[in-house]
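>>> this is a predicted model, with the sequence first.
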Amino acid sequence: MVTNAAKPIEVTEGLKSLIQSQSAMLAAQLQAHHLTTFPPNAQKGIRNLSPSEVAKLLGVTEGYLRQIASELPDLSNTSPGGRRSYSVESIHEIRKLLDAGARGHRRYLPWRSKDEPLQVVSVMNFKGGSGKTTTTAHLAQFLALRGYRVLAIDLDPQASLSALFGHQPELDVGPNETLYGAIRYDEHRRPVAEIVRSTYIPDLHLIPGNLELMEFEHDTPKALMRRAPGDTMFFARIGQALSEIQDAYDVIVVDCPPQLGFLTMSALTAATSVLITVHPQMLDVMSMNQFLAMTGDLLEEISKAGAASNYLWMKYLITRFEPSDGPQNQMVAFLRSIFGDHVLNHPMLKSTAISDAGLTNQTIFEVERNQFTRSTYDRALESVESVNGEIEVMIRKAWGRVAA
């Protein structure tokens, strides 16, 4: 009997060569795109902000901001048309000046005190495309623009967060320059402070990622087999590394990989709070159900070995939400009926402004407003600020503070 069943594909030398050649071609094109977007002599930055944006960030009136600008003209820029704008560096300097006048009441520089614990927010989901990296980048930038000292950690080997911050994983991140360098098991482990990089926003730092992070997934089973008394278990290694630099930050935001491996388990153990992104579609919710079941089982197992899993809060963020989509509204209502106030009040709206900005590795805070219609940009920015403002309130409550 003759059948047309396809034969199993064998991993032949020819297939290996094909994959390698296509990988090389794709890498070359991506590098060319990166060089076009960011020439070798260019540095990624963030646009200047308008007086209304700055006044909102600082919590002052525009009139008071104009008074500061008149007294300190070097802290603002004036266009030929007479429009004033402020760089993020200038905003940071204004914060320091205002805070000094407020006699250290932390109104303008809201850094935590020694009695207020470091906040580590792990952003995660089992399924790609849920907006996890976009959420992480915007949260980190929002908090930094609000005056907090923030560290963003790219724990995803795909390193999309690093690319958003202008660090191409295959070009700009070398061996032992990811968090793996600080949590590895051998003599090449290095202090985490040596891995931290500054960014173009004051008080926002980055630990980039690349494929090297996968080495932790490969090394851990071997380390478990030969573990000596006193060795730090895999689930505590990220927390141990972060403890070395905790005094330098108020909030650490971790972009977790989209799978439940040793890296994710360690990030969960290090976290004080967890943010789970979910796209309100049936397939995504079904995938999240599997993710939650597996996570619960794994946390139970590692808790038997001494892992901590006491979180200040765990929230679900609805991402890529389209208010006019009936099925999505039904799914959001379904999730709220199950999880109640564990679902954030504000969803992250689907927006061409955010997706188009991502094509050039930019966030909504970085892209120029005039690239979009005013309503499109303002709608996207309002959504981002509403979501992250809600998260900021939870962080402040964890410190026993009132909302800003």
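All right, it came through fine.
>>> just the pLDDT at the nearest residue to Ala163 once chain neighbours are set aside, thanks.
Among residues not flanking Ala163 along the chain, Asn361 sits closest, at 5.4 Å (Cβ to Cβ, 6 or more residues apart in numbering). All C-beta spots, glycine's among them, are computed from the backbone N, C-alpha and C. Asn361 carries a pLDDT score of 86 in this model.
>>> all strands of the protein, in order?
Using DSSP state E, the strands assigned to the chain run over residues 77-78, 84-85, 119-124, 150-154, 197-198, 204-207, 251-255, 273-278, 313-318.
>>> reformat those strands as TSV; add mean neighbour count, distance to Val54 and mean pLDDT.
Supplementary listing: the strands of the chain in TSV, determined by neighbours: other Cβ atoms under 10 Å; distance: least, Cβ to Cβ, whole Å; pLDDT from 0 to 100:
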stretch	mean neighbour count	distance to Val54	mean pLDDT
strand 77-78	12	12	81
strand 84-85	16	8	90
strand 119-124	26	25	96
strand 150-154	28	19	98
strand 197-198	12	22	96
strand 204-207	24	17	98
strand 251-255	27	21	98
strand 273-278	24	27	93
strand 313-318	19	27	93
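>>> for Gly101, find the nearest of those strands.
Relative to Gly101, the nearest member of the strands of the chain by Cβ to Cβ is strand 84-85, separated by 21.1 Å.
>>> list of residues touching that closest one?
For strand 84-85, the external contacting residues (Cβ atoms under 8 Å, 6 or more residues apart in numbering) are 48-51, 66, 69, 76-79.
>>> among those residues, name the ones in helices.
Using DSSP state H, 51, 66, 69 are the members of the contacts of strand 84-85 that sit in helices.
>>> mind picking the lowest-pLDDT entry from those?
When the ones in helices among the contacts of strand 84-85 are compared on pLDDT, Ala69 comes out least confident, at 85.
>>> where does the nearest residue to it once chain neighbours are set aside sit relative to Arg320, distance-wise?
Once flanking residues are discounted, Ala69 sits nearest to Ser76: 4.6 Å by Cβ to Cβ, 6+ apart. According to Cβ to Cβ, to the nearest Å, Ser76 stands 36 Å off from Arg320.
>>> over to Val173?
Relative to Arg320, Val173 is positioned 28 Å away (criterion: Cβ to Cβ).
>>> likewise for Ala152?
When Ala152 is compared with Arg320 (using Cβ to Cβ), they lie 21 Å apart.
>>> again, but for Gly358
If you measure Gly358 against Arg320 using Cβ to Cβ, the figure is 12 Å.
>>> same list (the strands of the chain) but as a markdown table, adding distance to Leu298.
Listed next are the strands of the chain as a markdown table, based on distance: least, Cβ to Cβ, whole Å:
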| stretch | distance to Leu298 |
| --- | --- |
| strand 77-78 | 51 |
| strand 84-85 | 49 |
| strand 119-124 | 13 |
| strand 150-154 | 20 |
| strand 197-198 | 31 |
| strand 204-207 | 24 |
| strand 251-255 | 17 |
| strand 273-278 | 14 |
| strand 313-318 | 15 |
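>>> so for Arg396, which of those sits nearest?
strand 119-124 (9.5 Å).
>>> that closest one pairs with which strands, parallel or anti?
Using DSSP bridges, the strands paired with strand 119-124 in its sheet are strand 251-255 (parallel), strand 273-278 (parallel).
>>> quick one: contacts of it?
Looking at what lies outside strand 119-124 - Cβ under 8 Å, 6+ apart - the contacts are 112, 132, 135-136, 139, 242, 250-256, 258, 264, 267-268, 270-277, 312, 391, 395, 398.
>>> what of stretch 86-100?
The set of residues external to stretch 86-100 that reach it, using Cβ under 8 Å, 6+ apart, is 46, 48-49, 51, 54, 57-58, 60, 68, 72, 75-77, 105-109, 145, 147, 200-203.
>>> put the buried members of those residues into a ChimeraX selection.
Selection of the buried residues among the contacts of stretch 86-100 in ChimeraX, burial being defined by 16 or more other Cβ atoms under 10 Å:
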select :46,48,49,51,54,57,58,60,68,75,76,107,108,109,145,147,201,202,203
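>>> mind checking which of the contacts of stretch 86-100 land in helices?
Judged by DSSP H, the subset of the contacts of stretch 86-100 located in helices is 51, 54, 57-58, 68, 145.
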